[in-house]
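**Q** Give me coordinates for this.
(2 chains)
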Amino acid sequence: MSDIEPKEDLSQILRHRREKLEEVVKRGMQPFVYNYSATSSTIAAIEGFEAAEAGGTLDEEGYSEPVQIGGRLVGWRDMGRSVFAHVEDGQGRIQLYFRNSVVGESSFDALSVLDISDWIGAEGRIFRTRTGEVTVQVEGWTLLTKSLRPLPFGKVETNAQTGERTVYGGFQDQEGRYRQRYADLAVHPDVREVFRTRAKVITELRRFLDGEGFLEVETPVLQPLYGGASARPFVTHHHSLDQRMYLRIADELYLKRLVVGGFERVYEIAKDFRNEGLSRVHNPEFTMLEWYQAFSDYEDQMGLVERMLVHVLDSVVGERVIRHGDDEIPVTVPFRRLGLVSALSGALGEDVHEMSLEDLIGRAHELGISDLEGSGRGKLIDKLFGELVEPQLIEPTFVIDHPKELSPLAKVHRDDDRLTERFEMYIGGAEIFNGFSELNDPIDQRDRFEAQAALRDEGDEEAQQIDDDYIRALEYGMPPTGGVGMGVDRLVMMLTGQSSIRDVILFPILRSEE
RNA sequence: GCCUCGCUAGCUCAACUGGCAGAGCAACUGACUCUUAAUCAGUAGGUUCGGGGUUCGAGUCCCUGGCGGGGCACCA
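**A** Numbering: from 1, shown residues only, chains lettered A, B, ... in the order given. Down below sits the predicted model:
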């Protein structure tokens, strides 16, 4: 056992809790018991009571059969010889009524060792109080875990008519909530709900892909060479191999090796790591879903994305709507398709294909876009698009057919060799999906890698490296393949109405304390 | 990395131009056997984020460091 702080430095409140701990022991109670058998959750107990009430199976005085409830103490109202309290478990909360004449003198007296945020078990029959709240009349109780640090619960006022809850005080400090997510979760049921939804989303993504015949696989996190995206990596070192290793920035190149190997439909849900800044929509460690399907192209994949999104909305949200700020964005299939170059040409009022590099730089300057050094044609087009068109992509939209320089892993467009067969799907102005007809010509792939290497030599730290082993795999032959990557965190943001990625990641990256 | 706002009791927040650091909740003591933001009476609780400076006097002004929120940049 290690103390976070020496006892003499404890604040008054923490000292009082330690003293109560001693009091618990003195009374012969266990402060940290080993288990407890609840007969039902708080919610199930309430529902069971209401069913019995409606069915007329309560006794003459309106009491149910006995139940045992386990939970955390979240509210306490001491009335002298009776006490009202609330306990909360993973599902909900229920009121407890301790009455001196019911629990007995010594058991009632022992209530003095309890504090808000202790875990307790209570048993008794359920009734409805004069004010109408379904309540356990406690006949016996047990301390399960003594809490030595009070949780910052606010006071909850429940409007009897509307059931609406107002919380007073509480735990507002964002930093504290991220650093002590355990306390944030303990105090905020709605935060727990966001993460339940996140889990459901991931379950449904899996269910959907499994149903489509995809195989879930795992590929290396530690890689000798990183690739599959444009980003700076985290670098680490393996001691016994004495070798530099990178944390993956994408799963792409490994998954396509598997398609070469004969797994025709594969997917992976995995953490990727990009050594970049933090923002409302960027955490350096984030969850990515990627899948690859043999014998398909990007058109097929757009169809799959549409079906997948509808499946997740139907099964998790229950309606085909995405909340974005105060707006509700209807999700209707098929989604709009917008050619990147033609959309940008429209916004600029001239044909992007006809514009020289100097023209593009000029327009970028006019728009106040800085940091153009080292930007090639592709990056410029991308920046202009990001500035002029992207913010307007609120309803689900596939932006398609990106310039070749932007997409070193995508097949050249079958009708226009300046473009690739690629799409990015935007909702609410944010990119969620990115997919393409996968480049499977090893000679073309080497050329593209070499073009990337040239960019790299010019100082583009995000340009991709040449991956000879991947080219060797392509030389064996990869069938025509469509692939898609999706930011799981961003999708969860959309589905839960959260505006910061930190609110859908349990432990977002923060600078270390101290 | 830049801009900006913030950091005061366990929590949520006050403290006008520099002038005795405060409140509500939580805690502690007591009263109260259907309360629900329970109520009532009383008590205690502070390195005002750290360091330095100006001043008779700094939570407040200046310098410096730390951490965070928001925005920008970076990030397909």
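**Q** Could you pull out the helices in the stretch 51-200 of chain A for me?
**A** In the stretch 51-200 of chain A, the segments counted as helices under DSSP state H, counting those that start in this stretch are A:100-103, A:105-109, A:174-179, A:181-187, A:189-211.
**Q** Of those, give the one that comes closest to A:Leu14.
**A** When these are compared by Cβ to Cβ, helix A:181-187 sits nearest A:Leu14, at 14.4 Å. C-beta coordinates here come from the backbone N, C-alpha and C atoms, glycine included.
**Q** Pull out the buried positions in that closest one.
**A** A:181, A:183-184, A:186-187 (16 or more other Cβ atoms under 10 Å).
**Q** picking that back up, would you reformat the helices of the stretch 51-200 of chain A as a markdown table and include mean pLDDT and distance to RNA strand B?
**A** Shown next, in a markdown table, are those (pLDDT from 0 to 100; distance: least, Cβ to the nearest atom of the strand, whole Å):
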| stretch | mean pLDDT | distance to RNA strand B |
| --- | --- | --- |
| helix A:100-103 | 94 | 4 |
| helix A:105-109 | 93 | 9 |
| helix A:174-179 | 82 | 3 |
| helix A:181-187 | 88 | 9 |
| helix A:189-211 | 94 | 14 |
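**Q** Which of the ones you listed has the highest mean neighbour count?
**A** Of those, the one with the most neighbours on average (mean count of other Cβ atoms under 10 Å) is helix A:181-187, at a mean of 18.
**Q** Give me the contact list for it.
**A** Defining contact as Cβ atoms under 8 Å, 6 or more residues apart in numbering, one finds that helix A:181-187 is touched by A:72, A:117, A:151-154, A:170-171, A:176-178, A:191-192, A:195, A:506-507.
**Q** What distance do you get for A:Asp78 to A:Leu143?
**A** For A:Asp78, the distance to A:Leu143 equals 17 Å [Cβ to Cβ, to the nearest Å].
**Q** my guess is A:Pro224 contacts A:Met245, does it?
**A** Yes - if you go by Cβ atoms under 8 Å, A:Pro224 and A:Met245 touch, sitting 6.3 Å apart.
**Q** now the buried residues of helix A:181-187 as TSV including distance to A:Thr42?
**A** Listed next are the buried residues of helix A:181-187 as TSV, based on distance: Cβ to Cβ, whole Å:
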residue	distance to A:Thr42
A:Arg181	23
A:Ala183	20
A:Asp184	21
A:Ala186	15
A:Val187	17
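**Q** which one of those residues sits closest to A:Ala451?
**A** A:Arg181 (43.6 Å).
**Q** Please name the residues that touch A:Lys379.
**A** A:Lys379 makes contacts with A:405-406, as judged by Cβ under 8 Å, 6+ apart.
**Q** let's see 10 Å
**A** A:230, A:360, A:364, A:371-372, A:403, A:405-406, A:455, A:460, A:462 (Cβ atoms under 10 Å, 6 or more residues apart in numbering).
**Q** Shouldn't it be within a helix?
**A** Yes - applying DSSP: H, G, I helix; E, B strand; the rest coil, one finds A:Lys379 inside a helix.
**Q** do you know how far it is from RNA strand B?
**A** 7 Å (Cβ to the nearest atom of the strand, to the nearest Å).
**Q** Likewise for A:His324?
**A** Plainly put, A:His324 is 13 Å away from RNA strand B if you go by Cβ to the nearest atom of the strand.
**Q** before we move on, what about A:Leu148?
**A** Using Cβ to the nearest atom of the strand, we find A:Leu148 at a distance of 12 Å from RNA strand B.
**Q** List the residues that contact that residue.
**A** So A:Leu148 contacts A:10, A:13-14, A:16-18, A:20-21, A:31, A:115, A:117-118 (Cβ under 10 Å, 6+ apart).
**Q** Which of these ranks first by neighbour count?
**A** Counting neighbours by other Cβ atoms under 10 Å, A:Asp118 leads the contacts of A:Leu148 with 24 neighbours.
**Q** Was I right to think that one contacts A:Ser147?
**A** Yes - counting by Cβ atoms under 10 Å, A:Ser147 is a contact partner of A:Asp118 at 4.9 Å.
**Q** Return every residue with contacts to both of these two.
**A** A:17, A:20, A:31, A:72-73.
**Q** Mind checking which of the contacts of A:Leu148 land in strands?
**A** Using DSSP state E, the subset of those located in strands is empty.
**Q** which of the residues you listed are close to RNA strand B?
**A** Under the cut-off given by Cβ under 7 Å from any atom of the strand, RNA strand B has A:13, A:16, A:20, A:115 from the contacts of A:Leu148 close to it.
**Q** Burial check on the closest residue to A:Arg128 other than its chain neighbours, number of neighbours?
**A** Spatial nearest neighbour of A:Arg128, excluding adjacent residues (Cβ to Cβ, 6 or more residues apart in numbering): A:Val134 at 5.7 Å. Neighbourhood size, A:Val134 [other Cβ under 10 Å]: 19.
**Q** can I assume A:Val134 is in contact with A:Ala44?
**A** No - in this structure A:Val134 lies outside contact range of A:Ala44 using Cβ under 10 Å: 11.8 Å.
**Q** Show me which positions of stretch A:37-56 end up buried.
**A** Neighbour-count burial for stretch A:37-56 [16+ other Cβ under 10 Å]: A:38, A:40-42, A:44-46, A:48-49, A:52-53.
**Q** Make CSV from the residues you listed and add distance to RNA strand B to it.
**A** CSV is the format used below for these (distance: Cβ to the nearest atom of the strand, whole Å):
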residue, distance to RNA strand B
A:Ala38, 21
A:Ser40, 20
A:Ser41, 19
A:Thr42, 14
A:Ala44, 20
A:Ala45, 15
A:Ile46, 13
A:Gly48, 18
A:Phe49, 14
A:Ala52, 17
A:Glu53, 15
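**Q** from those, which ones fall inside helices?
**A** Using DSSP state H, the subset of the buried residues of stretch A:37-56 located in helices is A:42, A:44-46, A:48-49, A:52-53.
**Q** Can you name the residues that contact the closest residue to A:Thr166 other than its chain neighbours?
**A** Nearest residue to A:Thr166 in three dimensions, chain neighbours excluded: A:Glu157, at 4.6 Å (Cβ to Cβ, 6+ apart). Neighbouring residues of A:Glu157 by Cβ under 10 Å, 6+ apart: A:164-168.
**Q** Next: A:Val331.
**A** Here A:Val331 is in contact with A:306, A:309-310, A:312-313, A:317, A:319-322, A:395-396, A:427, A:494 (criterion: Cβ under 10 Å, 6+ apart).
**Q** Any of those residues buried? List them.
**A** Neighbour counting with 16+ other Cβ under 10 Å marks A:306, A:309, A:312-313, A:317, A:322, A:395-396, A:427, A:494 as buried within the contacts of A:Val331.
**Q** circling back to that earlier point, and A:Asp78 and A:Leu143? Which one has more around it.
**A** Taking other Cβ under 10 Å, A:Asp78 and A:Leu143 do not tie; A:Leu143 has more neighbours (21 against 12).
**Q** from what I can see the more buried one touches A:Gly28, true?
**A** No - counting by Cβ under 10 Å, A:Gly28 is not a contact partner of A:Leu143; they are 11.3 Å apart.
**Q** doesn't A:Glu47 make contact with A:Ser40?
**A** Yes - A:Ser40 lies in contact with A:Glu47 (Cβ under 10 Å); the separation is 8.9 Å.
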